[in-house]
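# after the sequence you'll find the predicted model.
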Amino acid sequence: DCRPDSQTLLPKEVAHAYGYDQLWNRGWHGENMTVNLVEIDGFDQADIQNYFDCINFHGKLDVADIDGAPRQAEGESTLDIEMVAGLARSIHIVDYETDGNSNGNIWTQVNDALQQIVNDNTQNANSGSVVSISLGAAESQIDSADRAAIDQSLQILTKAEHMTVFIASGDCGAFADRVFGSLSVSFPASDPWATSVGGTVLRIDGNGNRASEVVWSDGSNRASCKNHWGSGGGNSEVFRRPGWQNAFGVDNQYSRGVRQIPDISAVAYALAVYFNGQWNAVGGTSAAAPIWATGVALVNEGLIQTIRKFVYSPQQFYFAANNSNGMHPYFDVTRGDNLYYPATPGWDYATGLGTPNLADYFPVISNKIM
């Protein structure tokens with residue numbers, strides 16, 4: 001079944017809107033590159049195979065069970081795998097899965113997955129691989145010991161394994177604790193070693209070109225989030241602002257010298273996903289994180305082939321914003337809000353620096369690290 005709803009966005013449409021197809025045209029489809037996913041649910045092999053067949057996927061999917069295999073396929077793993085595969089048809093996907101419904105401490109299990117990624121990549125630190133994580137909870141809802149352990153793992157993945165770790169900023173707007181009006185942000189997205197990814201609503205025109213983009217949010221039911229309030233963002237209550245978080249818009253009326261999220265964003269609405277034997281319209285920052293992760297994997301593939309270098313860490317995104325030399329590595333989203341913080345020119349709490357424009361992002365990064 002390769003007939004998704006006509007109102008959903010297909011991988012080729014996302015790729016064209018964000019310039020991924022311009023990297024495809026240079027022969028970069030994810031060959032010899034890896035995206036590592038951290039998941040707390042499983043997937044149905046039949047769903048994934050149908051999607052792979054529809055997009056003519058030539059890559060590879062490996063699975064690593066951490067602390068026991070998950071017992072249910074709830075859709076998250078399916079979404080992440082399909083977002084990556086749809087944007088890089090020759091990429092290697094490694095799904096580190098654990099059981100989010102087990103009786104154990106889920107954050108201990110997540111950290112075990114991160115440690116396994118570290119172990120598996122000890123001899124492969126210069127390959128340009130990335131990590132994508134589409135889960136989180138309000139900072140206050142996670143034990144300080146678990147936060148410290150995950151923070152250390154993220155630091156090792158970045159500094160020692162030379163990876164960029166993309167983490168969904170959350171789907172409850174400015175209120176990660178799911179209480180409307182209670183300003184809070186999601187961890188581990190708020191960790192300074194993570195690249196936090198917010199969400200947008202992307203519209204394309206009849207020719208498949210990017211027509212408009214606004215913040216993804218929905219305030220129609222303020223009594224219950226149910227992951228529908230929109231793009232997570234705000235000020236951390238735990239982490240100070242890292243020195244690299246510096247770009248036009250970062251200093252604003254809400255700034256308090258703390259870590260501000262998200263860093264960047266991508267489409268998080270009405271994406272075509274094949275799950276439970278049928279096509280669905282799916283979204284959330286859970287989709288935006290793997291979309292960006294795949295984009296940077298493609299950029300790194302091109303950098304490794306052309307200049308034998310690549311980039312990693314959240315710092316690269318602010319570096320690109322501050323060294324654009326008239327180019328536009330991001331599409332600046334200036335319309336909408338996440339039910340508290342408005343989108344503004346430059347960086348903002350709803351969409352960060354903006355959504356990917358890889359046609360400009362690649363040369364900006366390439367020119368600056370040559």
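Structure received.

# only C-alpha atoms for contact and neighbour calcs from this point on.
OK.

# residues near residue 351, how many?
Burial measure for residue 351: 38 neighbouring residues, criterion other CA atoms under 10 Å.

# could you check the pLDDT of it?
Among the per-residue scores, residue 351 shows a pLDDT of 98.

# buried ones in stretch 217-235?
217-219, 225, 227-235 (16 or more other CA atoms under 10 Å).

# endpoints of that stretch, how far apart?
18 Å (CA to CA, to the nearest Å).

# mind jotting down where the strands sit in the stretch 1-150 of the chain?
With strands called from DSSP state E, counting those that start in this stretch, the stretch 1-150 of the chain shows them at 34-39, 60-65, 92-97, 130-133, 137-138.

# so of those strands, which one's packed in deepest?
strand 130-133 (a mean of 27; mean count of other CA atoms under 10 Å).

# then that one to CSV, C-alphas only?
Provided in CSV are the C-alpha atoms of strand 130-133 (Å, rounded to 0.1, in the frame of the first residue of the first chain):
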residue,chain,number,x,y,z
VAL,A,130,24.2,11.1,14.9
VAL,A,131,21.7,10.2,17.6
SER,A,132,17.9,11.0,17.7
ILE,A,133,15.8,10.8,20.8
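
# can you tell me the strand partners of it and which way each runs?
strand 34-39 (parallel), strand 164-168 (parallel) (DSSP bridges).

# from the buried residues of stretch 217-235, which land in helices?
Among the buried residues of stretch 217-235, DSSP state H puts none in helices.

# tell me the spacing between the spatially closest residue to residue 108 that is not a sequence neighbour and residue 182.
Sequence neighbours aside, residue 146 is the residue nearest to residue 108 in space, at 6.7 Å (criterion: CA to CA, 6 or more residues apart in numbering). Distance check for residue 146 against residue 182: by CA to CA, it reads 23 Å.

# more neighbours: those two, which one.
Comparing residue 146 with residue 182 by neighbour count (other CA under 10 Å), the higher total belongs to residue 146, at 16 against 11.

# rewinding a little: now the strands paired with strand 130-133 as CSV including mean pLDDT and distance to residue 186?
What follows is the strands paired with strand 130-133, written out as CSV (pLDDT from 0 to 100; distance: least, CA to CA, whole Å):
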stretch, mean pLDDT, distance to residue 186
strand 34-39, 98, 16
strand 164-168, 98, 9
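
# buried residues of the longest helix belonging to the chain, list them for me.
With secondary structure taken from DSSP H, the chain has its longest helix at helix 285-307. Of all the residues in helix 285-307, those buried under the rule 16+ other CA under 10 Å are 285-304.

# low pLDDT regions in this structure?
Along the chain, segments meeting pLDDT under 70 span 370.

# who's in contact with the most centrally placed residue in it?
For the chain, the residue nearest the mean C-alpha position is residue 289 (1.1 Å; CA atoms, centre = their mean). Residue 289 sits next to 132-134, 166-168, 196-198, 265-266 when contact means CA atoms under 8 Å, 6 or more residues apart in numbering.

# what's opposite residue 330 in the beta bridge?
residue 356.

# hang on, it packs against residue 357?
Yes: shown here, residue 330 and residue 357 form a contact pair, counting by CA atoms under 8 Å, at 4.9 Å.

# kindly confirm my reading that residue 281 is in a strand.
Yes: using DSSP: H, G, I helix; E, B strand; the rest coil, the assignment for residue 281 is a strand.

# contacting residues for it?
Residue 281 touches 5, 8, 269-273, counting by CA under 8 Å, 6+ apart.

# next one: residue 7
With CA under 8 Å, 6+ apart, residue 7 has these contacts: residue 270.

# how near is it to residue 291?
19 Å.

# swap in residue 165?
12 Å.

# over to residue 128?
Distance, residue 128 to residue 291, by CA to CA: 16 Å.

# check residue 100 too.
Counting by CA to CA, the gap from residue 100 to residue 291 is 23 Å.

# the stretch 201-350 of the chain: strands as residue ranges?
210-215, 234-240, 258-261, 264-267, 271-275, 278-282, 330-331.

# pick the most buried one from those strands.
Highest mean neighbour count among these (mean count of other CA under 10 Å): strand 264-267, with a mean of 31.

# show me what that one is packed against.
In terms of contacts (3 or more CA pairs under 8 Å, 6 or more residues apart in numbering; DSSP states H and E), strand 264-267 is packed against strand 195-204, helix 285-307, strand 355-356.

# end to end, how far does stretch 301-318 reach?
Note: stretch 301-318 ends 20 Å apart using CA to CA.

# same check on stretch 322-332?
14 Å.
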